[in-house]
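A.B. asks: here you go, sequence then predicted model.
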Amino acid sequence: MSYRPEFTSTPIKLTHDVQAIDETAQASTIAIPAERPLTVYVDGRELITLMTLGAAPEALTLGYLRNQRLVQTIEEIVAVHVDWDKHAVSVTTRGGIANIEERTAKRVVTTGCGQGTMFGGLMDEVDKLVLPSDARLKQSTLYKIVNTIRTQDSVYAQAGSVHGCGLFSSEGDLQYFIEDVGRHNAVDSIAGIMWLENISGADKVFYTTGRLTSEMVIKGAQMGMPFLISRSGTTQMGHLVAEKVNMTLLARCTGKHFLLVTGKERMVYEPHLLDTSLHVA
């Protein structure tokens, strides 16, 4: 069995009921997503406060530390303890984080919902990232993934106002699905799960409901993902970084429509899946 740090398991209600009045002046009770602060402490030192739905706070914390490149291996983490009464998560490391003050001094506020933050230069270490060139994604697999997300039982379907991320196998089977108030939290949570379970991203497909920004592409590349797909679009910087690391980006994925914008050599088209008598806008 691979190494696992000491871990809490802290389920918490993901929605909150409020009263609303509709356009006909009728009152009803509706569900809205919960949003709560989670302050991260590393070896007793306050690092950052994340605004989160709270679906997977331990995995979120692990993934955050991983994607910020503050911790290199899971073995460096001794324990991750969440205390919702204090809205805090305490991380104990084996030997501390070297030069933590210097490494966290420079912050970049990203375009992530809820204003995601990344420490250091966004392009640091991008040149070192190598994604598998032999990975392939069939058009039928892409459609399977899009349909799975469309029919997924989710907080979004119940209450809206959240983003979701899904980790899929190369055959299009959903392995993990996480929602949060910001897509940066959702991707960090899946990164944490992958780290905890020792899952490689080389043969996986990553789906996000949010925009394909530079932050999302960098995090996906750090997770070893050759494929990043979204029902939304991409940004210029997201496109630039994806080209730099040779990631396959698929944007505007709805129904049978998609836009393949980078990494075109990995896509396997299956023309017979489309009804050529219909024009897809």
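C.D. replies: Right, received. Where do you want to start?
A.B. asks: residues touching the helix or strand containing residue 144, excluding its own?
C.D. replies: Per DSSP states H and E: residue 144 is located in helix 139-150. By C-beta atoms under 8 Å, 6 or more residues apart in numbering, the surrounding residues in contact with helix 139-150 are 164, 166, 168, 170-172, 174, 205, 207, 209, 229, 231, 250, 253-256, 258, 267-270, 273. The way it works is simple: take the backbone N, C-alpha and C, and place the C-beta from them, glycine included.
A.B. asks: just how off-centre is it within its chain?
C.D. replies: Going by C-alpha atoms, centre = their mean, to the nearest Å, the spacing between the C-alpha centre of helix 139-150 and its chain's C-alpha centre is 18 Å.
A.B. asks: gap between the residue nearest in space to the middle of the chain and residue 219?
C.D. replies: Nearest to the mean C-alpha position of the chain, by C-alpha atoms, centre = their mean, lies residue 187 at 1.3 Å. Between residue 187 and residue 219 the distance is 5 Å, computed by C-beta to C-beta, to the nearest Å.
A.B. asks: identify the contacts common to the two.
C.D. replies: With contacts defined as C-beta under 8 Å, 6+ apart, the residues adjacent to both residue 187 and residue 219 are residue 67.
A.B. asks: send me the helix or strand that the helix holding residue 144 is followed by as CSV with only the CA atoms.
C.D. replies: Using DSSP H and E, the next helix or strand after helix 139-150 towards the C-terminus is helix 155-159. In CSV, the C-alpha atoms belonging to helix 155-159 read as follows (Å, rounded to 0.1, in the frame of the first residue of the first chain):
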residue,chain,number,x,y,z
VAL,A,155,-24.7,20.5,-6.4
TYR,A,156,-24.8,22.6,-9.5
ALA,A,157,-28.0,20.8,-10.6
GLN,A,158,-29.5,21.4,-7.2
ALA,A,159,-28.3,24.9,-6.4
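A.B. asks: where does this structure have its least confident helix or strand?
C.D. replies: strand 107-109 (a mean of 51; mean pLDDT, DSSP states H and E).
A.B. asks: now do the helices in the stretch 51-200 of the chain.
C.D. replies: 57-67, 100-103, 139-150, 155-159, 183-197 (DSSP state H, counting those that start in this stretch).
A.B. asks: any idea how far the last one is from the chain center?
C.D. replies: Put plainly, it is helix 183-197. 6 Å.
A.B. asks: can you point out the buried residues in it?
C.D. replies: Using 16 or more other C-beta atoms under 10 Å as the test for burial, helix 183-197 gives 183-196.
A.B. asks: may I ask which of these comes out lowest in pLDDT?
C.D. replies: Scanning these for pLDDT, the low point is residue 183. It has 85.
A.B. asks: tell me the SS of the nearest residue to it once chain neighbours are set aside?
C.D. replies: Once flanking residues are discounted, residue 183 sits nearest to residue 210: 3.4 Å by C-beta to C-beta, 6 or more residues apart in numbering. With DSSP: H, G, I helix; E, B strand; the rest coil as the basis, the three-state label of residue 210 is coil.
A.B. asks: circling back to that earlier point, from residue 266, how far out is the residue nearest to the centre of the chain?
C.D. replies: Residue 187 is 20 Å from residue 266, by C-beta to C-beta.
A.B. asks: list the contacts for the closest residue to residue 156 other than its chain neighbours?
C.D. replies: Spatially, and ignoring its direct neighbours in sequence, residue 156 is nearest to residue 162 (5.2 Å; C-beta to C-beta, 6+ apart). Residues near residue 162 by C-beta under 8 Å, 6+ apart: 33, 53, 154-156, 179-181.
A.B. asks: please apply the same query to residue 241.
C.D. replies: 123, 126, 214, 217-218, 221, 247.
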